[in-house]
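In: next one to model:
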Amino acid sequence: MRTRPKTLKEIDTMNLFGELEYFPYQFAIGLSIRKLVCKEMGWMLRLYFGPFKLWLNLKDEKDE
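Out: Residues are numbered from 1 along each chain as shown. I've put the predicted structure just below:
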């Protein structure tokens with residue numbers, strides 16, 4: 001049987017989107033923050049705790 005990650009919660013609001021995911025095959029602890037330069041992408045925050053990963057992206061408010 002193949003183990004796959006599961007999306008537990010999707011987040012999509014006016015200025016924020018992301019997901020809470022469950023990875024049964026990994027254990028991680030960490031924090032990642034970075035600025036994305038892609039269109040409509042802003043700051044990305046990733047938080048890893050055990051088999052869970054929460055990632056959030058603040059949408060860029062600039063209109064190009």
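
In: what residue is smack in the middle of this protein?
Out: In the chain, the residue lying closest to the centroid (Cα atoms, centre = their mean) is residue 55, at 1.8 Å.

In: for it, which three-state class applies?
Out: strand (DSSP: H, G, I helix; E, B strand; the rest coil).

In: any idea how far it lies from residue 25?
Out: Residue 55 is 18 Å from residue 25, where distance means Cβ to Cβ, to the nearest Å. For glycine as for every other residue, the C-beta is placed from the backbone atoms N, C-alpha and C.

In: what is the residue lying closest to residue 53 once chain neighbours are set aside paired to in the beta sheet?
Out: In space, and not counting its chain neighbours, residue 53 is closest to residue 21: 4.8 Å by Cβ to Cβ, 6 or more residues apart in numbering. Note on residue 21: beta-bridge partners residue 7, residue 53, judged by DSSP bridges.

In: residue 21 and residue 10 touch, don't they?
Out: No: using Cβ atoms under 8 Å, residue 21 is not in contact with residue 10; the gap is 9.8 Å.

In: quick one: contacts for the residue nearest to the centre of the chain?
Out: 18-19, 21, 44-47 (Cβ atoms under 8 Å, 6 or more residues apart in numbering).

In: ok, now how distant is it from residue 7?
Out: Distance, residue 55 to residue 7, using Cβ to Cβ: 11 Å.

In: which residues do those two both contact?
Out: 19, 21.

In: quick check: closest non-adjacent residue to residue 57.
Out: In space, and not counting its chain neighbours, residue 57 is closest to residue 44: 4.9 Å by Cβ to Cβ, 6+ apart.

In: host element of the one you found?
Out: Secondary structure from DSSP states H and E places residue 44 in strand 41-50.

In: what of residue 25?
Out: Per DSSP H and E: residue 25 is located in neither a helix nor a strand.
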